[in-house]
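Participant: Let's see this in three dimensions:
(one chain, ligands or ions: 1)
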Amino acid sequence: MIYEIYDFKVRGDHSGKLVALEKGHDLPFDVKRVYYIWDTDAGVIRGKHAHKKLEQMIVCTSGSCDFILDDGKSRETVHLNNPAQGLYIKHNIWREFTNFSKDCVVMVLASEHYDEADYIRNYDDFLREVDND
Ligand code: T46
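Facilitator: This next block holds a predicted model:
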């Protein structure tokens, strides 16, 4: 499995919408960190790494972008444009993301604190890590 899409429960009506993410119901891990990314030029490619341990739920809360995900055997592109959906990625998945709309805001809920030692930034190292997993 390269990724899973979570459909979150949306509350509200024409007066506005609300999504609440709760441990045990909407998230398959305990959240230790939240970060968000915005103001990214359309053609920029971010990511270009995998993580040894980290799990993440990625929500495009505004606008749209594309995530290219690779488990070492196959590659898939996921278009994110819905704040009511989460892209769940486990460890050992190479990710790149690009094609940012002007209003794109990507919010990420992460299972671990920030740790540079958890990053695999070289693709050949990533393939070796997948083989040993
Ligand atoms: C992923 C996508 C969606 C921190 O200091 N703390 C943090 O929590 C993070 C995530 C980053 N940083 C620093 C480290 C770098 O100096 O911010 C800079 C950019 O970080 P990074 O190269 O990790 O950013 P992205 O946008 O390429 O990737 C991040 C996540 O690392 C990645 O797991 O899925 O966002």
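
Participant: What is the three-state secondary structure of V130?
Facilitator: helix (DSSP: H, G, I helix; E, B strand; the rest coil).

Participant: Tell me which residues touch it, please.
Facilitator: By Cβ atoms under 8 Å, 6 or more residues apart in numbering, the residues touching V130 are 71-72, 92. For every residue, glycine as well, the C-beta is placed using N, CA and C.

Participant: Same check on V106?
Facilitator: The contact partners of V106, by Cβ under 8 Å, 6+ apart, come to 36-38, 58-61, 65, 80, 97.

Participant: Next to the ligand, which bits of the chain? Give me the list.
Facilitator: 33, 35, 37, 46-47, 51, 56, 58, 95, 106, 108, 114 (Cβ under 6 Å from any ligand atom).

Participant: and the residues you listed as CSV, adding distance to D125?
Facilitator: Output for the residues of the chain next to the ligand, formatted as CSV (distance: Cβ to Cβ, whole Å):
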residue, distance to D125
R33, 24
Y35, 24
I37, 24
R46, 19
G47, 15
H51, 12
Q56, 20
I58, 23
R95, 15
V106, 25
V108, 23
Y114, 20
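
Participant: just the buried members of the residues you listed?
Facilitator: Among these, those scoring as buried are 37, 51, 56, 58, 95, 106, 108 (criterion: 16 or more other Cβ atoms under 10 Å).

Participant: Okay, strands next: where are they in the protein?
Facilitator: Ranges of strands in the chain, per DSSP state E, are 4-7, 10-13, 16-19, 33-38, 46-51, 56-62, 65-70, 75-80, 85-89, 94-98, 105-110, 119-120.

Participant: tell me what the longest one is packed against?
Facilitator: To tie it back to what came earlier, the one meant is strand 56-62. For strand 56-62, the packing partners by 3 or more Cβ pairs under 8 Å, 6 or more residues apart in numbering; DSSP states H and E come out as strand 75-80, strand 85-89, strand 105-110.

Participant: One more: the first one?
Facilitator: Using 3+ Cβ pairs under 8 Å, 6+ apart as the contact definition, the elements that strand 4-7 packs against are strand 85-89.

Participant: Not counting sequence-adjacent ones, nearest residue to the residue nearest to the spatial centre of the chain?
Facilitator: Nearest to the mean C-alpha position of the chain, counting by Cα atoms, centre = their mean, stands I58 at 3.5 Å. Closest residue in space to I58, ignoring its immediate chain neighbours: L87 at 4.3 Å, by Cβ to Cβ, 6 or more residues apart in numbering.
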